[in-house]
Structure formats: structure tokens, C-alpha cells
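S.K.: Test case, fold it:
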Amino acid sequence: MRAALAAVPEAVPVDNPGWSGGMGSSLRAGLASLAAMEPEVSAVLVMLVDQPRIGAAAVARVLAAHRAGAGLVSAAYSGERGHPVLFAREHWEGVAQAAEGDRGARGYLRRHADAVALVECSDIAAPRRHRHPGGSPPARWVVSPCAPPWHRGSGRVSRHRHTIELPP
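M.R.: So this is what the prediction gives:
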């Protein structure tokens, strides 16, 4: 995997030795690594790799809500919370503590539902999950400090982080 990432010099692999503990352990590993690497980062946006029909337009809407002042933002599909989800830095510790098993940040978002800005995205994205044949492959996380391509050339430096689930 590290050899494949060599083509993306901005990518920083983060090993998660507890990957078998589920998505929650991967989320904790990614948040801990990002917090240690980049103290100036104000938020993290989390996407799932098994939802390929969610793209740049949904990400842009979630980021716009954060730039407007929301600290917890979630895409919504016909009013139901989905991905991508954005957590401002002040929520990272609580998200990490709540991330257990395959629930990720679900419990944290439920407990803080009043603070979650829902951004309707059903007109631009489809949250249906793509299932890997034979079940989900084991996953590790990669945190990449590169700006997403839709922010390049915007006239200002934009260093959003990506957390990407990859098979080992």
C-alpha cells in the first residue's frame, strides 16, 4: 500500500493496528494522527469509500455550511443524515470517544442532533453503498494533507484533509 501511495506525495499513511475493531477504531486513528500532525486544521470531513455516487458537489455543500459557521455538518438525503460529515476540531475528542465498533460517529451525532447542520444533497448525490464481493475488505486509513482538486486554483491556499479507507 505504501508503494502505491508514493505516487501521491501529499498522502500520509496512518496505520491502524486495531482495524479489526471496526470503523470506530479507524476514525479514532485518523483523528489522532491529524490532530498530532496539523494543529491549525479547524475541521475534518469524513466520507465513506463505498459510496461512489457522492462526489465533489456534496462535499462543496458541506464545506459551505462549515464556512458559514456550522461546527457539525452532515449531508442529508431526503431529510436523513448521511455522508459526508464534517466535524470542527472542538468535536474531535468527543467523536473519538464515541467511535466504537462499526458505528463510527453515529452516537455522537445523535447526542448532538440539535447542533448538526443538515445540508440536503439528494439532488446531487446518491448515498447507496457499494458492497464489496464477499463482504467488506479489511481497512486502514490514510490521511492526505492535499487540497481536493475542486479547491485548487481558487486563489487561496486550502488544505482540507481527506480520510480514505483502503484495504491493507
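S.K.: Show me what the host helix or strand of residue 30 is packed up against.
M.R.: Using DSSP states H and E, residue 30 sits in helix 23-37. If contacts are counted by 3 or more Cβ pairs under 8 Å, 6 or more residues apart in numbering; DSSP states H and E, helix 23-37 sits against strand 12-14, strand 43-46, helix 92-98, strand 140-144, strand 162-166. From N, CA and C alone the C-beta is placed, and that goes for glycine too.
S.K.: what pairs with the second one, and is each one parallel or antiparallel?
M.R.: Looking back up the chat, that one is strand 43-46. strand 80-88 (antiparallel), strand 162-166 (parallel) (DSSP bridges).
S.K.: Which of the ones you listed comes out lowest on mean pLDDT?
M.R.: Ranked by mean pLDDT, the strands paired with strand 43-46 bottom out at strand 162-166, with a mean of 40.
S.K.: what pLDDT does the residue most central in space within the chain get?
M.R.: Central residue of the chain (Cα atoms, centre = their mean): residue 46, 0.9 Å from the mean position. Residue 46 is assigned 88 on the pLDDT scale.
S.K.: Beta-bridge partners for it, please?
M.R.: Here residue 46 shows beta-bridge partners residue 85, residue 163, assigned using DSSP bridges.
S.K.: residue contacts, it?
M.R.: With contacts defined as Cβ atoms under 8 Å, 6 or more residues apart in numbering, residue 46 is in contact with 27, 83, 84, 85, 86, 87, 104, 105, 163.
S.K.: Then residue 91?
M.R.: So residue 91 contacts 71, 72, 108, 112 (Cβ under 8 Å, 6+ apart).
S.K.: Please report how far the first one lies from residue 91.
M.R.: In other words, residue 71. Taking Cβ to Cβ, to the nearest Å as the measure, residue 71 and residue 91 are separated by 6 Å.
S.K.: ok, now the last one?
M.R.: Residue 112 sits 8 Å away from residue 91 when distances are taken as Cβ to Cβ.
S.K.: which secondary structure element contains residue 41?
M.R.: Using DSSP H and E, no helix or strand contains residue 41.
S.K.: right, and it touches residue 30 too?
M.R.: No: under the criterion of Cβ atoms under 8 Å, residue 41 is not in contact with residue 30, lying 12.0 Å apart.
S.K.: more neighbours, the two?
M.R.: residue 30 (25 against 15; other Cβ atoms under 10 Å).
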